[in-house]
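Enquirer: Below are the sequence and a predicted model; questions follow.
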Amino acid sequence: MTTPDPLGALAFELLGPEHATVLFPVLGDARVWEHIQGSDGATEEQMRAAYARRAAGPSRSGERWINHAVRLVEGPYLGRVEATVYPGGWAEIAYVFGQEHRGHGYAGAAVGWLLEHVGVDEVWATTTPANVRSCRLLAALGFREAPRSRPLASWEPGDLTYRWDRQG
C-alpha cells in the first residue's frame, strides 16, 4: 500500500523484503551509514533478510513497529523511516536516506509524516554529535535535546538524545 505525504511529493510503502531490490542501490553505500551504528546489510540478500524481520513485526508484547520505504510519488526510492511504539505510550524513531537524496527536504517531510502516524505524544530520536544534518532536521521538526530518560534501542554511548512532544 502506498500512502502519500500531505505535500504530495513523497509516497510511503510498508517496508518488506521486496524493497531490498530498490533500496540496496540507495542505502548500500557505506557512506550512508557514517553516523549510524550498523547498516541494513552489506549485500542485497542481507538487506532482504533484515527487511523480512522488520515486516514480521516485534517479538515483544505490546510493541508496534512502523516501517516504511520512502520514494518520490513519480520517482525513485529515497530511503526509509521507522518507529517503535512502546506500551508505555511513547515511541522511538529512526530514518535513513541515500547520499544523493540529502539536502532536498525529503527526510524532514518523511519524519514529519511519521510523527503524524506514531499515535503517541512523546517521541525520541538519537544521533551522533557529528551528524549535524540530523541534529538540524530534528531541531527543525521541534525536537529538543534532552537527557535520556527512556531505554532507547538506538542509543550508543556518546549519542545525543532528542525528544519531541505533540503540542496541543
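Expert: Okay, I see it.

Enquirer: for the record, mean pLDDT for the helix or strand containing residue 24?
Expert: Assigned by DSSP states H and E, residue 24 falls within helix 20-27. Average pLDDT, helix 20-27: 93.

Enquirer: Skip ahead from it and say which helix or strand is next.
Expert: With DSSP H and E, the next secondary element past helix 20-27 is helix 44-56.

Enquirer: tell me what that following helix is packed against?
Expert: helix 20-27, strand 64-72 (3 or more C-beta pairs under 8 Å, 6 or more residues apart in numbering; DSSP states H and E). No exception for glycine: its C-beta is placed from N, CA and C like everyone else's.

Enquirer: on that earlier part again, quick check: angle from the helix holding residue 24 to helix 44-56?
Expert: Taking axes from the mean of the first three to the mean of the last three C-alpha atoms, to 10 degrees, one finds that helix 20-27 is oriented at 110 degrees with respect to helix 44-56.

Enquirer: Just the buried positions in helix 20-27, please.
Expert: Under the neighbour-count criterion of 16 or more other C-beta atoms under 10 Å, helix 20-27 has 20, 23-24, 26-27 buried.

Enquirer: swap in stretch 97-106?
Expert: When burial is assessed from 16+ other C-beta under 10 Å, stretch 97-106 yields the following buried residues: 97-98, 101, 106.

Enquirer: Touching that stretch from outside, list them.
Expert: Applying C-beta atoms under 8 Å, 6 or more residues apart in numbering, the contact partners of stretch 97-106 are 9-10, 26-27, 29, 31-32, 70, 72, 76-79, 107, 110, 133.

Enquirer: how far out from the middle of the chain is it?
Expert: Its chain's average C-alpha position is 13 Å from that of stretch 97-106, according to C-alpha atoms, centre = their mean, to the nearest Å.

Enquirer: okay, now residue 75: neighbour count?
Expert: Residue 75 has 10 neighbours, counted by other C-beta atoms under 10 Å.

Enquirer: now do residue 32
Expert: The number of residues packed near residue 32 is 19, by other C-beta under 10 Å.

Enquirer: what's the burial count for residue 80?
Expert: 26.

Enquirer: wait, what's in contact with the nearest residue to it once chain neighbours are set aside?
Expert: Distances taken as C-beta to C-beta, 6 or more residues apart in numbering put residue 69 closest to residue 80, at 5.3 Å, once the chain neighbours are dropped. For residue 69, the contact set (C-beta under 8 Å, 6+ apart) comprises 12-15, 19, 22-23, 77, 79-80.

Enquirer: Which of the residues you listed fall within strands?
Expert: 12-14, 77, 79-80 (DSSP state E).
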